[in-house]
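*Asks:* based on what follows, work out the 3D shape:
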Amino acid sequence: MASRLKSLVTSLVEATATPYPVDRYLEFVSPMLTWREHRAQITHVTRRTDRTVTVHLQPTRGWEGHIAGQYIEVSVIIDGVRNRRYFSPAGAEKDRGQIELTVTAHDGGFVSTHLRENAAVGDVLTISAAAGEFTLPAIRPASVVLVSGGSGITPVISMLRTLVAEHYDGPIDFVHYARTEADLAYRVELEAIARTVPNVRLHLHYTRTDADGRFTDAHLAALTGAGDAEIFLCGPSSLMSAVRDYADRAGLTGRLHSEAFTVDTAPVLDPNEPVTGTVAFTASGTEAPNDGRTLLEQAENAGLNPEFGCRMGICFSCTKVRTSGCTRNILTGELDSEPDQHIQICVNAPVGDVEIEV
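*Replies:* Next up, the predicted model:
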């Protein structure tokens with residue numbers, strides 16, 4: 001009854017507030033006053049490495065926290081344009097009053113670079129509820145191996161902090177790959193945990209300075225209990241592929257849980273199916289020869305600027321109508337030629353001639 005009443009009140013208030021959502025009016029009073037949206041104000045900023053920024057956020061009351069490993073959508077307004085990206089909170093999951101995000105400024109990363117250079121105390125960001133299925137099971141496994149690379153550390157350090165806060169007593173092996181020691185934002189904390197929590201073992205590999213810094217089978221095979229541990233993996237595509245290949249060979253596939261923060265969008269070229277056709281971006285009156293890449297990349301290459309968010313098939317910000325032609329979902333390999341279908345252009349590539357409303 002209470003939820004129905006709240007829904008009715010919300011509908012009535014928003015009806016009187018048209019043409020804009022209620023939150024657009026409230027933000028004139030204070031950016032932290034919201035009706036539907038979740039917002040968070042930056043309370044602390046730390047730049048631990050040359051490429052990262054760690055921000056602590058105070059969310060508005062309605063935000064319900066996260067489960068370790070999940071992600072949130074963060075909206076940042078840059079030069080008057082709202083840009084959306086996805087980041088995983090690094091804090092333990094029971095800490096609902098604070099959100100900790102560590103953002104790595106990747107080459108060409110528009111939003112990550114902006115935050116690295118400009119994030120300041122007092123800034124207000126729009127955030128979403130936490131989502132994602134890359135999480136620890138409710139019944140904790142007997143032992144855990146956490147594997148990460150680069151900025152993929154944030155969801156797994158959230159898992160580590162959660163297990164430590166719960167006084168989990170099973171073996172935990174934390175394996176991380178960074179370019180150099182100076183690139184690891186959480187090095188001091190990880191080393192302190194490994195010294196003071198007896199069931200945590202730390203394995204750090206530096207890809208640019210260690211002779212065996214890049215992943216090898218021995219990095220996991222040598223871990224006591226790796227054969228019966230649940231393995232949680234997040235990192236760049238090269239690391240993900242290498243660990244998955246090892247898990248397949250070692251019979252660990254059923255124990256491997258993973259999430260990618262990037263998607264390999266390079267075209268998969270089959271000599272028996274050459275790339276052909278033309279992509280017609282009908283809303284802009286632009287055409288380009290199909291080069292096999294995703295529709296988003298081909299649109300950008302043609303000088304267009306379609307809206308996008310995560311670039312990995314999560315947020316649906318880039319959904320457009322494919323009016324005709326066939327596309328392949330690069331995540332699943334599925335083909336779809338049904339006309340007038342809404343598709344995510346960041347994870348769909350044209351097969352032959354395609355018309356898309358971009």
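
*Asks:* so the chain: which segments form each domain?
*Replies:* For the chain, automatic domain parsing gives the domain ranges 14-127, 144-260, 278-356.

*Asks:* now those in JSON lines, with mean neighbour count, distance to residue 133 and mean pLDDT?
*Replies:* For the C-beta atoms, the positions are set from N, CA and C on the backbone; glycine is no exception. Output for those, formatted as JSON lines (neighbours: other CB atoms under 10 Å; distance: least, CB to CB, whole Å; pLDDT from 0 to 100):
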{"stretch": "domain 14-127", "mean neighbour count": "17", "distance to residue 133": "8", "mean pLDDT": "83"}
{"stretch": "domain 144-260", "mean neighbour count": "18", "distance to residue 133": "8", "mean pLDDT": "93"}
{"stretch": "domain 278-356", "mean neighbour count": "17", "distance to residue 133": "11", "mean pLDDT": "89"}
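
*Asks:* export these to a markdown table and tack on distance to residue 136?
*Replies:* Shown next, in a markdown table, are these (distance: least, CB to CB, whole Å):
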| stretch | distance to residue 136 |
| --- | --- |
| domain 14-127 | 6 |
| domain 144-260 | 6 |
| domain 278-356 | 20 |
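
*Asks:* for residue 135, which of these is the nearest?
*Replies:* Residue 135 sits nearest to domain 14-127 of all these, at 4.3 Å, using CB to CB.

*Asks:* check which helix or strand covers residue 259.
*Replies:* Taking DSSP states H and E as the criterion, residue 259 maps to strand 256-260.

*Asks:* chain center to that strand, what's the gap?
*Replies:* Taking the mean of its C-alpha atoms, strand 256-260 sits 12 Å from the chain's own mean (CA atoms, centre = their mean, to the nearest Å).

*Asks:* go on, stretch 203-217?
*Replies:* Remark: stretch 203-217 is offset 24 Å from the chain centroid, using CA atoms, centre = their mean.

*Asks:* same question for stretch 215-233.
*Replies:* Distance, centroid of stretch 215-233 to centroid of chain: 24 Å (CA atoms, centre = their mean).

*Asks:* what does it rub up against?
*Replies:* Outside stretch 215-233, the residues within contact range by CB atoms under 8 Å, 6 or more residues apart in numbering are 69, 134, 136-137, 141-148, 156, 159, 171, 173, 175, 177, 201, 203, 205, 212, 239-240, 242-244, 246-247, 249-250, 252, 255-259.

*Asks:* again, 6 Å this time
*Replies:* The contact list for stretch 215-233 (CB atoms under 6 Å, 6 or more residues apart in numbering) reads 141, 143-147, 156, 171, 173, 239, 242-243, 246, 255-258.

*Asks:* swap in stretch 73-91?
*Replies:* Residues from elsewhere that reach stretch 73-91 (CB under 6 Å, 6+ apart): 66, 71, 99-102, 111, 114, 125-128, 154-155, 157-158, 309-310, 317.

*Asks:* ok so, going back, just the ones of the contacts of stretch 215-233 in helices?
*Replies:* Judged by DSSP state H, the subset of the contacts of stretch 215-233 located in helices is 156, 239, 242, 243, 246.

*Asks:* can you tell me the SS state at residue 95?
*Replies:* Secondary structure assignment for residue 95 (DSSP: H, G, I helix; E, B strand; the rest coil): coil.

*Asks:* and residue 249, by the same measure?
*Replies:* Here residue 249 takes the helix state, with states given by three-state DSSP.
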